[in-house]
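*Asks:* whatever this is, show me its structure:
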Amino acid sequence: MTVHAPGPGHRPRAAVAMSPDAASAVLDPQSLAAFRRVCDLAPLPVLDDLTTARARSVLADVELLVTGWGCPPLDAAALRAAPRLRAVVHTAGSVRGHVTDACWERGIEVSSAAAANALPVAEYTLGMILLSGKRVLERARDFRASRTRGNWLRTPRGVGNYHRTVGILSASLIGRRVVELLRPHDVRVLLHDPYVTDAEAAELGVENVGLPELFARCDTVSVHTPLLPTTRGLVSRALIEAMPADAVLINTSRGAVIDQDALTDAVAAGRIRAVLDVTDPEALPPDHPLWDCEHALITPHLAGSEGNEWRRLADLALAETTRWASGSGFLHPVRRERLAFLA
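*Replies:* The predicted model follows:
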């Protein structure tokens, strides 16, 4: 069954389906008021269980669902309760957890705020690339211990960001944003992505190289590939061992993309450095050796949208809802055929 979007002047019946915590974080009162100006939004509380009598009553008239973290699966049973559902607007990145095959088979249109969530991850990555180039973590630690500045004219020539070579693993939404943010800086950017042609790489202003070459040539490698069956353990021991001495490996993707044992060995030996916003598992066990590695910076999966950045997710979802209600279609659609390449 193919579902068609409405046209100008239409106010779709809508509801919010996500966890209460997600709704409180992403949809503040101003955002909810803005949604109510463009659609008939069902009263709160949000739908976090689609099997209840209240949920079935709300779903019966809903044309559009605003979803978020903690949204229950929109499976065949849920869709039977929502015969008028035409669109799903997701206020976060991946839709894998709740958009099922039943949605695609019914022709439901899907939008995601992945593009909005990509920006803070890219900003975090840029910051870590530049800070690690100046060895800020290590030098701040040493400064705290010594309480003296030392002779700055004896700074090793490897410190700094001028003409550093930065590698981007995957031209994903986030990977591309990192490339954009790096353009004003005096760095060389290499890319590995088997789905990007040399011509496309040239348009991005990067050099497309093989995976071994990326790790062998780069002072910093930033991982942006999604975790898929084909990418689990992609960053192998051999690649890590091929990295130049004192190189930096940044991971904001998923921990399982990297051979964590190999990474731990290399960082513990002081051969390379690591900036890890994700690990496998999250969080690492309290006795994991990476916690005590002086050359590892581990952050609690904070690169993505948090705090005031949640408003950006809501703003994108509102814009998508407004476009859909007017018949313009989504600017950030999720295509079923692209799911195999998305996080």
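*Asks:* and the strands in the stretch 51-200 of the chain?
*Replies:* Secondary structure of the stretch 51-200 of the chain (DSSP state E, counting those that start in this stretch): strands located at 64-67, 87-90, 109-112, 164-169, 187-192.
*Asks:* mind listing the strands the second one pairs with, and their directions?
*Replies:* As defined by DSSP bridges, the strand partners of strand 87-90 come to strand 64-67 (parallel), strand 109-112 (parallel).
*Asks:* just those: most buried one?
*Replies:* Highest mean neighbour count of the strands paired with strand 87-90: strand 64-67, a mean of 30 (counted as mean count of other CB atoms under 10 Å). Where C-beta positions appear, they are placed from N, C-alpha and C, glycine not excepted.
*Asks:* quick one: mean pLDDT for it?
*Replies:* Per-residue pLDDT values across strand 64-67 average out to 99.
*Asks:* got the angle between the longest helix along the chain and strand 187-192?
*Replies:* Identified as the longest helix of the chain according to DSSP state H is helix 114-133. Helix 114-133 and strand 187-192 meet at an angle of 130 degrees, taking axes from the mean of the first three to the mean of the last three CA atoms, to 10 degrees as the criterion.
*Asks:* what are the buried residues along helix 114-133?
*Replies:* Taking 16 or more other CB atoms under 10 Å as the neighbour-count basis, helix 114-133 is seen to contain the buried residues 114-122, 124-126, 128-133.
*Asks:* chain center to it: distance?
*Replies:* Its chain's C-alpha centre and that of helix 114-133 lie 10 Å apart, by CA atoms, centre = their mean, to the nearest Å.
*Asks:* contact partners for the most centrally placed residue in the chain?
*Replies:* In the chain, the centroid-proximal residue (CA atoms, centre = their mean) is Ala118; its distance is 5.1 Å. When the contact criterion is CB atoms under 8 Å, 6 or more residues apart in numbering, the partners of Ala118 are Gly93, Ser172, Leu173, Ile174, Arg177.
*Asks:* hang on, the earlier thing: can you redo the strands of the stretch 51-200 of the chain as TSV with distance to His10?
*Replies:* Listed next are those as TSV, based on distance: least, CB to CB, whole Å:
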stretch	distance to His10
strand 64-67	10
strand 87-90	12
strand 109-112	14
strand 164-169	42
strand 187-192	43
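*Asks:* quick one: contacts of stretch 194-211?
*Replies:* With CB under 8 Å, 6+ apart as the contact definition, stretch 194-211 has outside contacts at 168-169, 171, 176, 179, 183, 188-193, 217, 234, 239, 341.
*Asks:* which of those count as buried?
*Replies:* Burial by neighbour count, judged by 16+ other CB under 10 Å, picks out 168-169, 171, 176, 179, 189-193, 217, 234, 239 from the contacts of stretch 194-211.
*Asks:* returning to that earlier point: tell me the one of the contacts of Ala118 nearest Asp259?
*Replies:* Proximity to Asp259 was ranked across those by CB to CB; first place goes to Ser172, at 20.2 Å.
*Asks:* and that closest one, how far from Ser146?
*Replies:* Between Ser172 and Ser146 the computed distance is 41 Å (CB to CB, to the nearest Å).
*Asks:* for Pro194, same thing?
*Replies:* To Ser146, Pro194 is 47 Å away according to CB to CB.
*Asks:* can I get the CA coordinates of the least confident helix or strand in the chain by mean pLDDT in CSV?
*Replies:* Ranked by mean pLDDT, DSSP states H and E, the helix or strand of the chain with the weakest confidence is helix 136-146, at a mean of 92. Coordinates of the C-alpha atoms in helix 136-146 are reproduced here as CSV (Å, rounded to 0.1, in the frame of the first residue of the first chain):
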residue,chain,number,x,y,z
VAL,A,136,46.9,19.2,25.4
LEU,A,137,45.8,16.2,27.6
GLU,A,138,49.4,15.1,28.3
ARG,A,139,50.9,18.5,28.6
ALA,A,140,48.1,19.7,31.0
ARG,A,141,48.7,16.6,33.2
ASP,A,142,52.5,17.3,33.2
PHE,A,143,51.9,21.0,34.0
ARG,A,144,49.6,20.1,36.9
ALA,A,145,52.3,17.8,38.3
SER,A,146,55.3,20.1,37.8
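*Asks:* the strands in the stretch 201-343 of the chain, which residues?
*Replies:* Ranges of strands within the stretch 201-343 of the chain are 207-208, 220-223, 248-251, 273-276, 296-298, based on DSSP E, counting those that start in this stretch.
*Asks:* as CSV, those strands with mean neighbour count would be great.
*Replies:* Below are the strands of the stretch 201-343 of the chain laid out as CSV (neighbours: other CB atoms under 10 Å):
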stretch, mean neighbour count
strand 207-208, 19
strand 220-223, 26
strand 248-251, 26
strand 273-276, 24
strand 296-298, 19
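*Asks:* please identify which of those is closest to Arg37.
*Replies:* strand 220-223 (39.8 Å).
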